[in-house]
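In: could you work out the structure for the sequence below:
(one chain, ligands or ions: 1)
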Amino acid sequence: MKRPARIAVLASGRGSNLQCLLDGIAGGQLDADIVGVFSDKPAAAALDKVPAALCWARSPKDFDSRDAFDAALGDAVAACKPDWIICAGYMRILGADFVQRFSGRLINIHPSLLPLHKGLHTHARAIEAGHAEHGASVHFVVPELDAGAVIAQARVPVLPGDTPETLAERVLGIEHPLLLASVQLLVSGRVAEQEGMIRLDGQSLLSPLRLDSAGTLSG
Ligand code: GAR
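Out: Purely as a prediction, here's the structure:
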């Protein structure tokens, strides 16, 4: 029988996306083990969700340079021999060396319909732009910020009177099933990235998969 995939999670904050992966594993929807949780914020609530023995958390301030922090993070991640590395609310930009070291198995969830609204403050920017829809994307990480091939997206309406906070809460509600379904596709070997294109069951996708109301991804 195939062994569960080994997943490392990078998280800087609350950890609700990490929790959804843990719940998916416990509920049999995700065939994986979380083998390490890594943070640039030693006080991150995400770290409380797994045993301390699985956690690595260091402040970048304790390192001489950005590269030195990334190298230490990379060595710690590599030591747990992950098949996949998932950035789930990891709020620090990863350097090109780190990204290249884990190229092809480094994934991020970003709270916008990429390529719209890369970077920070995505909810405020979606409201300001007057978009009718906003959402979240799961994508491969490349050195350019939020620019890698998008595996899947989920959408929510932007409602009259939305604030960045109300919209963020609505988006978070679809991030969890989106991340869970996307990671299960990855660990099952059905989705891969090739030369910047996403392939599902060997076929190139012309656009990202979409999450339906039943929590299923389809083309
Ligand atoms: C999520 O909304 C995630 O999409 C976002 O941070 C939040 C983390 O929530 N990530 C980014 O903005 C990355 N650029 P969580 O800690 O509860 O999972």
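In: residues from this structure in reach of the ligand?
Out: The chain comes close to the ligand at residues 11, 13-17, 46, 88-89, 91, 109-111, 136, 172, 175, as judged by C-beta under 6 Å from any ligand atom. Glycine gets a C-beta too; all of them are placed from N, C-alpha and C.
In: kindly recompute the last result at 5 Å.
Out: By the rule C-beta under 5 Å from any ligand atom, the part of the chain lying against the ligand is 13, 14, 15, 16, 17, 89, 109, 111.
In: taking those one by one, which sit in strands?
Out: With DSSP state E as the criterion, strands contain residue 109 from among these.
In: what subset of the residues of the chain next to the ligand is buried?
Out: Among those, those scoring as buried are 13, 15, 16, 17, 89, 109, 111 (criterion: 16 or more other C-beta atoms under 10 Å).
In: hmm, the first one is touching residue 92, no?
Out: In other words, residue 13. No. Under the criterion of C-beta atoms under 8 Å, residue 13 makes no contact with residue 92, lying 11.1 Å away.
In: any chance of the residues of the chain next to the ligand in TSV, plus pLDDT?
Out: Listed next are these as TSV, based on pLDDT from 0 to 100:
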residue	pLDDT
13	98
14	98
15	98
16	98
17	98
89	98
109	98
111	98
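In: the residue of the chain found nearest the ligand and residue 191, how far apart?
Out: Of all residues in the chain, the one sitting closest to the ligand is residue 89 (2.6 Å; C-beta to the nearest ligand atom). Residue 89 sits 21 Å away from residue 191, going by C-beta to C-beta, to the nearest Å.
In: alpha carbons only: can I get the helix or strand hosting residue 181 in CSV?
Out: Assessed by DSSP states H and E, residue 181 sits inside helix 164-187. C-alpha atoms of helix 164-187 as CSV (Å, rounded to 0.1, in the frame of the first residue of the first chain):
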residue,chain,number,x,y,z
PRO,A,164,-11.6,43.9,4.4
GLU,A,165,-12.4,42.0,7.6
THR,A,166,-15.8,40.7,6.5
LEU,A,167,-14.5,39.8,3.1
ALA,A,168,-11.4,38.1,4.6
GLU,A,169,-13.7,35.9,6.7
ARG,A,170,-15.8,34.9,3.7
VAL,A,171,-12.7,34.0,1.8
LEU,A,172,-11.2,32.0,4.7
GLY,A,173,-14.4,29.9,4.6
ILE,A,174,-13.5,28.7,1.1
GLU,A,175,-9.8,28.6,1.6
HIS,A,176,-10.1,25.5,3.9
PRO,A,177,-11.9,23.2,1.5
LEU,A,178,-9.8,24.6,-1.4
LEU,A,179,-6.6,23.8,0.3
LEU,A,180,-7.7,20.4,1.4
ALA,A,181,-9.0,19.3,-2.0
SER,A,182,-5.9,20.7,-3.8
VAL,A,183,-3.4,19.0,-1.4
GLN,A,184,-5.2,15.7,-1.8
LEU,A,185,-4.9,16.0,-5.6
LEU,A,186,-1.2,16.6,-5.2
VAL,A,187,-0.5,13.8,-2.8
